[in-house]
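Chemist: quick check, what structure comes out for this input:
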Amino acid sequence: MTALNDDQLQLQRFEQICKDAGLKVTHQRLEIYREVLAAHDHPSAEALYKRLKKRLPSLSLDTVYRTLGTFDQLNLVHRVETLESQARYEAFNSRHHHFLCKGCGKLVDFTWQYFDAVQLPEHLSNIGTVDQANVVVHGTCAACVSSARSR
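Modeler: Down below sits the predicted model:
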């Protein structure tokens, strides 16, 4: 008996969450999730659509948007808001935060135990419950800084 790799475990989790939510695991949903799972660049819905269109000619951009919205509600993907108001997506895997370059738009994952240890203000409990908290740090990546210096 061979051990399942991380992607196989994620796909099993995906299928179980869909079934528990009464959602059919269609070929399109599975391919959209696989593409998000494989991506390391936090693609937008449009980028995912372009990548998948070759494999799934009947796929529409609207289907990608609606599917990502459903996946977000089921906590299968995480929606990262960016400055250009175009959400980017990633599969949930481990707790981390994001660095967003204001020059090139590159989005990089990072971990920082101090962010994770910060207690949220107590008055938030008067507003409602917090389901998750993460940090998006905005700045300029090393490549953009170097490019600006060389100009």
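
Chemist: you'd agree residue 41 is up against residue 107?
Modeler: Yes: counting by C-beta atoms under 8 Å, residue 41 touches residue 107, with 7.3 Å between them. Yep, even glycine has a C-beta here, placed from its N, CA and C like the rest.

Chemist: between these two, which has more neighbouring residues?
Modeler: Set residue 41 next to residue 107 and count neighbours by other C-beta atoms under 10 Å: residue 107 wins out with 19 against 12.

Chemist: what residues are up against that one?
Modeler: Neighbouring residues of residue 107 by C-beta atoms under 8 Å, 6 or more residues apart in numbering: 41, 42, 80, 82, 88, 98, 99, 100, 101.

Chemist: can you check residue 63 too?
Modeler: residue 28.

Chemist: can you give me the strands for the protein?
Modeler: Assigned by DSSP state E, the strands in the chain fall at 77-80, 88-91, 97-101, 107-110, 136-139.

Chemist: can I get the ones you listed in CSV including mean pLDDT?
Modeler: Formatted as CSV, the strands of the chain follow (pLDDT from 0 to 100):
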stretch, mean pLDDT
strand 77-80, 90
strand 88-91, 91
strand 97-101, 89
strand 107-110, 88
strand 136-139, 89
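
Chemist: deepest of the ones you listed, which one?
Modeler: strand 88-91 (a mean of 21; mean count of other C-beta atoms under 10 Å).

Chemist: any idea how far residue 103 is from residue 64?
Modeler: Separation of residue 103 from residue 64 (C-beta to C-beta, to the nearest Å): 27 Å.

Chemist: who has more neighbours out of the two?
Modeler: residue 64 (25 against 13).

Chemist: good, wrapping up.
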